[in-house]
Structure formats: C-alpha cells, structure tokens
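[1] Return a 3D structure for these sequence lines:
(chains A and B)
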Amino acid sequence: MTQTIQQQLIHHIKQAVKTLFDGDLPEGQITLQETRKEFEGQLTAVIFPITRFSRKSPEATGEAIGQYLMQHLPEITSFNTIKGFLNISLSDTYWATLFTTHISAEGFGRLPSNGRKLLVEYSSPNTNKPLHLGHIRNNLLGYSVAEILKASGYEVTKANLVNDRGIHICKSMLAWQRWGNGETPEGSGMKGDHLVGKYYVLFDQAYKKEIDALKAAGQSEEEAKKNAPLIRDAQELLRRWEAGDPEVITLWKTMNGWVYQGFEETYQRLGVDFDQYYYESDTYLLGKDLIKEGLDKGVFYRKEDQSVWIDLTADGLDEKLVLRGDGTSVYITQDLGTAQLKYDDFGVDESIYVVGNEQDYHFKVLFLILKKLGKSWADGLFHLSYGMVDLPSGKMKSREGTVVDADDLMDEMEDTARKRTEELGKTEGLAATEKAHLYHIIGMGALKYFLLKVEPKKRLLFDPNESIDFQGHTGPFIQYTHARIKSVLTKGDYGSQSIIELLTVLAPAERDLIQLLGNYPAVIESAAREFSPAQLANYIYDVAKQYNKFYHEESILKAEDGNVRDFRMNLSAATARVIADGMKLLGIEVPERM
RNA sequence: GCGCCAAUAGCUCAGCUGGAUAGAGCAACGGUUUUCUAAACCGUCGGUCUCAGGUUCGAAUCCUGAUUGGCGUACCA
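    This next block holds a predicted model:
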C-alpha cells in the first residue's frame, strides 16, 4: 500500500474541483475526518471550502464531488451529503484488505528509521531525599516519550543528570554527622534514599528552630536564615567538599552511594532505565569556556564586579547573570556546559529536557543564549514542560512531609491490585511468584496510566484519599481487554488455522475496529511529534473499548462460518498486539491472564 | 508590577492543523451472565465549553480584553 485511501481521496477531490469547477484547491485545504457515528459512512470530506469554486449549494457541490469520486475510486460503495459534509462509505472488502495486508502484517506500528538522533534527559533527581509522586510523573513521561520516539524512527539516548552535589546534600551530611550515630541502611534496614532523606528533614527541623530563636532575639527573617549556625556549618561543609577535603568526600561518596542504591531499586520497580548518567559533580564546572566564547563574541558583557551578564531585554526577557563575580558557576552556567557536552558526546539532532513547568523561564533563557552563541544545534533543543502534581491541600513539600512517597505509593497500588484480584478470584492455578508479578503489573498499570493519560502540560491533581480506579478509563481496563483476548486465542488454538480467504462482509463493530487499528501508526507519529504519551494512552483506551464492543456483539469461536472465525481470531490477535505494543511504549506491561 | 501556563458535565479528563447535535470514565439510577473472563457491555441522568467583544459560511479551538487559579521574575538549583 503505497498511498493510503485518505491520500487518494484528497488527491481525487483536488482533481474533481479542477475537472468539475475549473478550480485550484490546495490539498492542504481539504479536510478529511472520520464520519461521526450517527451518520452512514467511514470517512467524511468537508466541502464548504469547495463551494467558492462550484458556486453551488454545499449539498449540490457534495453531490457532484461524490459522483466524481465514485467513478474514480472503486473502493467507494456509496456516499451521502448532509449539509456541507460528504460522507463516504468504503467497501468491506477494502477494510478487510487493509487489515490483512497492513494491520496484521509484521512491524505494524513501527515507523522506519528517520536517521535522526535524539537525546531525552529525564528524572534528574537530587540525592538528598527519596523520590515522590512528582518524580514519578517525570520518570514515566521521560521514559515513555523516549520509547515513542524510538518507535517513530529516532535513534534515542536516555540520559539522567544526577544532581549529586551542592548545599542540599551537605545538609543531609551534616545532620547525619551530628545525630546519625553511624546509622547505615544495612544496620537500620532502611532504604538508602529514605535514610538520607530522614537526615535532610532532621536538618530542616533543627534549622527552623535556630531561625526562630534568632528571630526571637531580634533578627529579621532574612538575617536569621543567613546567620543560623547550622546553615553556616552546611556551607562550610560545601566549601570543604569543593576543596576536596578527603573526610568530606568520603562521607559524600558513602551517602550518595546509599541513595543510588535506593534509587536503583525504585527505578527498577518503576521500569525506567537510562543509557547515560551525568553527574553534576563532574559537570558543575563546565560552561566557563562558553562564557569566554560569549564574551569574545560580544554576546555577554562584564560588569565592574567581574560578574558576567547577558542582556535579553530586546527579546522581552531580563538581564541575566551567567557567571558570578568570583568566577564561580551558577545554574545556567552549568546548563550551558552540559548542553555542549551532550552535543559533543552524541551529536544529536534534537535534545529533550523533561523538566517541570516551574523552570519554563530558565529554559527559555538557556535556549536563547545558546542560539545567540551561534550553536547550530540550539534549534533542536526542547523543554518538555509538565505540570506539577498537586494534592488537594496544595503543593507537595518534602521538607514539610506533605509528599506522596514513590515507594509507598507503589506498595499501595500493588496491595490494592492484590485485593481486587483476590475478590474476583480468577487467578487459581497461578504460582505465588506469578501472582506477585501480576499484582505488580496491574498496580503499576493503574498508576502509570493514571499519570500518563493526562496531557503533560496540564497540572495533575492527586487525592491520596481517593484510590486510583481499576475500572473504566484505566490501565487495568486495557490490561483486562488484553488478557481476555489471550484467553480466547488460547481456547481457539490460535495459530493453527490455515491461510484464510478474504472476507467481503464485515460486521459494523469489526469494521470500526479495523478502522481504529489502522490509525495506530499515525497516532505514534503524532504522539512523537508532540511529545505526548497522553495521545497514545487515550488511543489505546479507544481501541480496547471498541474491541470490547466487538467482543460483546460478535461471537468469535462460535462464529457461524469457519472463515469468519479465523478472521476474527486474527483481528483479535492484531488488537492484542496493538494494545501490548502501545502499552509497552507507555512503559506498561500487559498480562496473559488476570 | 511584568512574563508564562491553565480554565470543558457534581468529580477526573478527551476533543488532532477552526467543521455536523461538544465526547469518555467516575459518581447516581436501570438493564445484560445455562453463550469466548461482568476489571466487561447497553441505557438514563448530567454542559450559558470562566466572562465579554472580534475574525469566519462556521469558534471549545484563532485574536483582543477581563476574571480565577498555578508558576516564574535569585550572584538557589
């Protein structure tokens, strides 16, 4: 199939306008959409734009175009015109052929390589506290976007830029030195990231007390924050770290090691992975040569105190500091450097940053600066900005303990999955390990789908008191559909049938399902272009829903005709493949039974 | 103050580059199982698409201006 029916229709409509009305209508102005359920047909051409050529009523114009198309495309069996809409019916043979030659063919849904390289940076955690629900959204988005881009033909590298240095980790280190009594993950049985997070919270509590005491002694809030002994000690620790003090470095390595072990566990459970790790302790000094480059090019300028700036007021932004007066880096200095590093390492055409929308301004500035520095690759940079995950009480704050912990949440999801499954009692005969795996798949499916079905840009509300659903528009609904198909195929001994004849008559639910399945490659393409797993998630739901309708209306194994039976098994198998494949791109597994 | 983003059913969300009477799920109510897994299917109820202008044959969608909410505007990251 070199040309889709959609492309053929558009082509012939253009020809029709030319032949019938002597008009030249650009193909881009012809809109083709799927026919709404309440009308007859599968594809609909909007003919309002054509009336300016035909100088006839929309109905008469549609009628004329319809006649022309009927004569030129044998796939069309009938058409009707309602208002300005030309509804076109294609033959069941066309849909059956589309299915056998295309949808059920090998590699359906994988677009050919486009020869482009792309890097997705996501996760990028701080090493002073465990991951929470907000990080989960980030991780799932990053992973899924990377997988979708792979499926659409990119060569993708997944990167994680770990923020392993700075004042935050020094706070945890200091608190552990003071009050830790040598506590270790092994000794306490606590997961490493949680252990370090515990000391981060301890620091913060003690720090707050000191601030209050200083304020009571007459200092202003600002002064108190600066003068509290704890923060001064933490800063001293940071200075010693930067100076390479062996004692500090050893402690830093130890505690980060604990955190990494904890993160690794969480990542594994979450099902995300990375091809490349970057550590800020390696990269935080980068970017200074770019500053020099910018100064030489006159993009930056130096103030009297030796600090370096860029004036972006002409672009509607502000003046921005890019290097401190003492010559040390700020956040954006490093990011300039790591952008260059990533490009040098991988030579990618595009580079995606999965980072929350609180940093919209930062990335706007970053990309603009790189463009002004004349970096050819700056146009390929994209900030995939996503909304925060909020609780009904407002924003999650790790220091105040109002966070939904990632590990706890996964525990809960798996536990709920177990309860639900046990209630339904369909897992007899499964070994204990198989059951545990199933609960994991279902619990994570519910959680992941819940987070991914929402458009990244939108903020997400999570109510811990309302458990995530397992029915309706959910991950388990889709997983269930897959399991049920597998069950039918097993019972029907799928795979043993001989090559089937082409059907010429389809049930409406079959035809609708085929049409929907046919959209899969276009959905992947669109989800990739817009970096939106949500588009794919919603599509898979539509597929599952449409399959369930078909399943309910038509008998598969007990079909009156053997050929029909085999066709329906093939259709079911293809549906299962699309569901499994699409879910895989979302990072969600589907079970064989549930 | 200035900038960015969002606003669609009681709740959570779809709605592709403007196209028909704005769709799902949850919640509520009713129906479907001697038939391939009822985590399903079918139906009922539920909408001034925040508001006001504008562009258009046609606006939830585009433009302008308000309102509400979130975020940012650091020699923090």
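[2] So what's the residue count around the closest residue to A:Arg55 other than its chain neighbours?
    By the measure of CB to CB, 6 or more residues apart in numbering, the closest residue to A:Arg55 outside its immediate chain neighbours is A:Phe21, 7.8 Å from it. For glycine as for every other residue, the C-beta is placed from the backbone atoms N, C-alpha and C. By the measure other CB atoms under 10 Å, the count of residues near A:Phe21 is 19.
[3] Around RNA strand B, which positions in the stretch 101-250 of chain A sit nearby?
    A:Asn126, A:Asn163, A:Gly166, A:Ile167 (CB under 7 Å from any atom of the strand).
[4] Apply 10 Å and report the result again.
    A:Ser124, A:Asn126, A:Leu161, A:Asn163, A:Asp164, A:Arg165, A:Gly166, A:Ile167, A:His168, A:Leu238 (CB under 10 Å from any atom of the strand).
[5] From those residues, keep the buried residues only.
    A:Ser124, A:Asn126, A:Leu161, A:Asn163, A:Asp164, A:Arg165, A:Gly166, A:His168, A:Leu238 (16 or more other CB atoms under 10 Å).
[6] burial of A:Pro103, as a residue count?
    You called it Pro, but residue A:103 is Ile. Burial of A:Ile103 is recorded as 25 neighbouring residues (other CB under 10 Å).
[7] A:Gln515 is in contact with that one, correct?
    No. Assessed by CB atoms under 8 Å, A:Ile103 is found out of contact with A:Gln515, at 9.9 Å.
[8] low pLDDT regions in the stretch 251-400 of chain A?
    Low-confidence segments of the stretch 251-400 of chain A (pLDDT under 70): A:398-400.
[9] now with 90?
    A:284-286, A:313-318, A:326-329, A:390-400 (pLDDT under 90).
[10] Next, the one residue in chain A that gets nearest to RNA strand B: secondary structure please.
    Going by CB to the nearest atom of the strand, RNA strand B is nearest to A:Gly472 of chain A, at 2.1 Å. Classification of A:Gly472 using DSSP: H, G, I helix; E, B strand; the rest coil returns coil.
[11] For it, give me phi and psi.
    For A:Gly472, the backbone dihedrals (degrees, to the nearest 10) come out as phi 80, psi -140.
[12] same question, A:Glu319
    phi -80, psi 140.
[13] next one: A:Ala45
    Dihedral angles (degrees, to the nearest 10) for A:Ala45: phi -100, psi 130.
[14] Am I right that A:Leu447 is in a strand?
    No. Assessed with three-state DSSP, A:Leu447 is helix; it does not lie in a strand.
[15] Compute the number of surrounding residues for it.
    With other CB under 10 Å as criterion, A:Leu447 counts 25.
[16] Wasn't A:Gln177 part of a strand?
    No. Using three-state DSSP, the secondary structure at A:Gln177 is helix, not a strand.
[17] and it, what does it touch?
    Residues in contact with A:Gln177 (CB atoms under 8 Å, 6 or more residues apart in numbering) are A:Leu251.
[18] And the strands in the stretch 51-200 of chain A, which stretches?
    A:76-82, A:85-90, A:117-121, A:155-162 (DSSP state E, counting those that start in this stretch).
[19] so what's A:Pro581 closest to, chain neighbours aside?
    One thing to correct before we go on: residue A:581 is Asp, not Pro. A:Gly109 (5.5 Å).
[20] quick one: the one you found from A:Gly142, how far?
    21 Å (CB to CB, to the nearest Å).
[21] Between the two, which is the more surrounded one?
    A:Gly142 (28 against 17).
[22] and the closest residue to that one other than its chain neighbours, what does it touch?
    Nearest in space to A:Gly142, with sequence neighbours left out and distances taken as CB to CB, 6+ apart, is A:Tyr122 at 2.3 Å. Applying CB under 8 Å, 6+ apart to A:Tyr122 gives the contacts A:Asn138, A:Asn139, A:Leu141, A:Gly142, A:Tyr143, A:Val145, A:Ala146, A:Lys158, A:Ala159, A:Asn160, A:Val354.
[23] cool, and A:Leu370?
    A:Leu336, A:Ala339, A:Trp377, A:Ala378, A:Leu381.
[24] Now do the SS call for it.
    Assignment for A:Leu370 (three-state DSSP): helix.
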